[in-house]
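# starting from these lines, generate the structure:
(one chain, ligands or ions: 1)
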Amino acid sequence: MTNSRRRFDVLVVGAGPAGIAAACCAAEAGVHVGIVDNNSRPGGQIWRGKTRDSHLTEAARWLRKLASSGTEILAPMEVFAQPEAGRLAATSSDGVCELSYKKLILCTGARERFLPFPGWTLPNVMGAGGLQAVVKSGMDIAGKKVVIAGSGPLLLAVAAHLRAHGADIRAIAEQAPWSRLIRFGIALAFRGSKISQAFQLKKQLSRIAFRAGCWVTAAGGNGKVESVALRTEHKTWKEPCDYLACGFHLVPNTELASLLGCELRAGFVRTDNFQESSVSGIYCAGEPTGIGGLELSIAEGQIAGFAAAGQRERAQEYFGERKRQRHFSMALERAFRLRDELRALPSAETIVCRCEDVEFGRLQEQSSWRAAKLQTRCGMGPCQGRICGPAVEFLFGWKAESARPPIFPVAVESLAATACAE
Ligand SMILES: Cc1cc2nc3c(=O)[nH]c(=O)nc-3n(C[C@H](O)[C@H](O)[C@H](O)COP(=O)(O)OP(=O)(O)OC[C@H]3O[C@@H](n4cnc5c(N)ncnc54)[C@H](O)[C@@H]3O)c2cc1C
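Okay, the predicted model is just below:
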């Protein structure tokens, strides 16, 4: 296993829209920039792979800008630990790489939130974004019956993508009630780009049953999902399907920020006006500071990039755009708040932690996240609580107390190489 070292003036972790914008702006300011991402190509969740949607032009523009910016792209490479302040440890197929920086920008994005319900571990029950990703990678979904359930605008984007690939979308079940969605729609009406995206989605999804105030209560089937039980306040029914694509909005990836000592507020990384976290020299942009969509991620990335490179005046040029986009972020949070009924979905036998097979009933006997980890190993498997952690927080109100290295599973040799280098 090799052990290489790289030094940068500004290092960006995460090459989604926020990270790409941050790297481009820092590079434009004339400093030596590196960007790391655990996928093979830059783009993050939304710009991954080829798309024909309306973001393509903007994606292509930013990806071209990144390629010509002089930024060193380190991908696929995953940051997993901080051996000491100012130095990160990352793994790639070449072994362990030590990344030193003067300024660091964390743009680690978000992931889907999963909530447990009877049958959610059956084959072909997938995250909404997860199913979209495998279809983007070439899986044939043509003619398959798909139910999409959960919460958030991602459900609509996924439905449009799957339909464009020939899927038979049987229903979109959004847990948020119409009253909140209407208020959200009114907030969108004042935002030109968002409302045109919404109209485009409406056209793409014509004649598909969209049900608000509707949620999944169980998935059933013999060896794989064959039907989904859906309910509203007034009725319950079963919908036959080949796939259930299910995600309850997004949760921020804050593990690296926590590991580096950055303060969180209400689950998000706290930053100042220049996107600097509570740790001097460490900036954060995009979804870890608040779930707000593409435009907010880009605006925050631009501010962080210029600020980290010492050009605070240029950073200030994007304050107005960030402020406008933050209104959308707040509207998202209000609209897609999870309803209390979802806490009653799991039965005692429902598995909550898939890595360690921990059932809901066993967690009910515990008093805290720490006790649950000690007594049941909940959150201690390969995903390290990324999937069950947000579910446990919603179900029981227990928060993970700290992030421990390695934040991603790594080979023992990688850990040893990191230790030897210290
Ligand atoms: C599964 C999913 C699908 C989505 N699909 C859509 C969609 O179709 N349309 C839409 O409008 N919005 C979609 N979104 C929302 C969209 O991602 C955001 O609105 C926005 O683009 C986020 O940009 P970002 O740069 O903050 O984060 P991201 O785009 O998430 O980029 C973060 C990047 O950091 C990488 N990373 C994280 N930690 C590390 C580490 N330790 N080491 C190395 N790399 C790391 C991640 O792999 C990722 O590539 C989706 C979100 C998710 C979670």
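
# up against the ligand, what does the stretch 251-400 of the chain have?
Residues of the stretch 251-400 of the chain lying near the ligand by C-beta under 6 Å from any ligand atom: 253, 256, 286-287, 293-294, 297. C-betas here are computed from N, CA, C, even on glycine.

# between the residues you listed, which is nearest the ligand?
Checking those against the ligand by C-beta to the nearest ligand atom gives residue 286 as the nearest, at 2.4 Å.

# domains for this protein, by residue range?
As given by automatic domain parsing, the domain ranges for the chain are 2-111+251-332, 114-248, 347-396.

# can you measure across the shortest one, start residue to end residue?
Just to be clear, that refers to domain 347-396. 14 Å (C-alpha to C-alpha, to the nearest Å).

# return the distance of that domain from the chain's centre.
The chain centre lies 20 Å from the centre of domain 347-396; the measure is C-alpha atoms, centre = their mean, to the nearest Å.

# show residues contacting stretch 303-311.
9-10, 12, 18, 21-31, 103-105, 107, 274-276, 283-285, 312, 314-316, 318-319, 322 (C-beta atoms under 8 Å, 6 or more residues apart in numbering).

# residues in contact with stretch 223-242?
119, 122-125, 144-147, 149, 170-171, 173, 211, 213-221, 243-244.

# now swap in stretch 180-187 and tell me
Under C-beta under 8 Å, 6+ apart, the answer for stretch 180-187 is 174, 198, 212, 327-328, 331-332, 334-337.

# same question for stretch 264-278.
Residues from elsewhere that reach stretch 264-278, judged by C-beta under 8 Å, 6+ apart: 105-106, 251-252, 254, 257-258, 261-263, 282-285, 288-290, 300, 303-304, 307, 312, 315, 319, 399.

# quick one: which of the residues you listed sit in helices?
The helices, defined by DSSP state H, take in 257-258, 300, 303-304, 307, 312, 315, 319 from the contacts of stretch 264-278.

# can you list those residues in JSON lines and add neighbour count and pLDDT?
Shown next, in JSON lines, are the ones in helices among the contacts of stretch 264-278 (neighbours: other C-beta atoms under 10 Å; pLDDT from 0 to 100):
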{"residue": "257", "neighbour count": "27", "pLDDT": "98"}
{"residue": "258", "neighbour count": "18", "pLDDT": "96"}
{"residue": "300", "neighbour count": "32", "pLDDT": "98"}
{"residue": "303", "neighbour count": "29", "pLDDT": "98"}
{"residue": "304", "neighbour count": "36", "pLDDT": "98"}
{"residue": "307", "neighbour count": "28", "pLDDT": "98"}
{"residue": "312", "neighbour count": "13", "pLDDT": "98"}
{"residue": "315", "neighbour count": "22", "pLDDT": "98"}
{"residue": "319", "neighbour count": "13", "pLDDT": "98"}
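
# could these go into CSV alongside distance to residue 190?
Formatted as CSV, those follow (distance: C-beta to C-beta, whole Å):
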residue, distance to residue 190
257, 32
258, 35
300, 21
303, 23
304, 26
307, 28
312, 30
315, 26
319, 19
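
# any idea which of the residues you listed is closest to residue 407?
Closest approach to residue 407 among the ones in helices among the contacts of stretch 264-278 (C-beta to C-beta): residue 258, at 8.6 Å.

# quick one: contacts for residue 70?
Neighbouring residues of residue 70 by C-beta under 8 Å, 6+ apart: 27, 33.

# my read is it is in a helix, agree?
No: using DSSP: H, G, I helix; E, B strand; the rest coil, the secondary structure at residue 70 is coil, not a helix.

# report the distance from the helix or strand of the chain with the lowest mean pLDDT to the chain centre.
Lowest on mean pLDDT, DSSP states H and E among the helices and strands of the chain sits helix 412-421, with a mean of 74. Centroid separation for helix 412-421 versus its chain: 29 Å, with C-alpha atoms, centre = their mean.

# ok, back up a step: of the domains of the chain, which stretch is the most buried?
For these, average neighbour numbers computed from mean count of other C-beta atoms under 10 Å are highest in domain 2-111+251-332, which has a mean of 21.
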